[in-house]
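Trainee: based on what follows, work out the 3D shape:
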Amino acid sequence: MRPMSTTSSTKETLGVRTANSLSKRWKGGFQLTQERIVVAIVVIMFVTFAITLNGFLTLTNLLALVQSVSILGILGIGMAITIIGRGIDLAIISTMAMSVAWVLSMLNNGTPVGSAVLLGYLFVVCIGFVIGFMVAYAEIPAIFATLAMTTTI
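Mentor: Numbering: from 1, shown residues only. Next comes the predicted model:
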């Protein structure tokens, strides 16, 4: 009997799936991965919307799409940094929504744009300091501190 090794072919024959075995290889070396599937779905949806919806490819609509996605991208980068640091932040969306609502409310009440944005920024920084203090100095787990702050906001 042959000794068992830890090569990927042995793992696959034993039923253990490795990262390389999860993606399907096609002829010519093309490898189907999760990233390629997501890109393909986005391309299919974009083409479908461009064909079926009037005005989808207008400059105004495309700029609105980019602006909407950029906000989520910035929040995603912040969340990625938090997760890389082995934490979790459940308050990120509620803090963003509350600060934007507060800034818009101040603008509707006649507050100058610069002052409203500065106060909104200071609000977000204060929320961050409170959560940071609870996690770093009070040693409350990040999931509970951010959940409590989400409820409070």
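
Trainee: make it CA atoms for all contacts and neighbour counts henceforth
Mentor: Noted.

Trainee: three-state assignment of the residue positioned nearest the centre of the chain?
Mentor: Centroid-nearest residue in the chain, with Cα atoms, centre = their mean: Gly76, separated by 3.0 Å. Using DSSP: H, G, I helix; E, B strand; the rest coil, the structure places Gly76 in helix.

Trainee: any idea of the mean pLDDT for the helix or strand encompassing Ala40?
Mentor: Taking DSSP states H and E as the definition, Ala40 sits inside helix 34-52. Confidence for helix 34-52, expressed as mean pLDDT, is 92.

Trainee: same question, stretch 67-81
Mentor: Computed over stretch 67-81, the mean pLDDT rounds to 86.

Trainee: show me the shaky parts of this structure.
Mentor: In the predicted model of the chain, residues 1-29 satisfy pLDDT under 70.

Trainee: go again with 90.
Mentor: 1-36, 55, 57, 65, 67-97, 128, 131-132, 134-136, 139-153 (pLDDT under 90).
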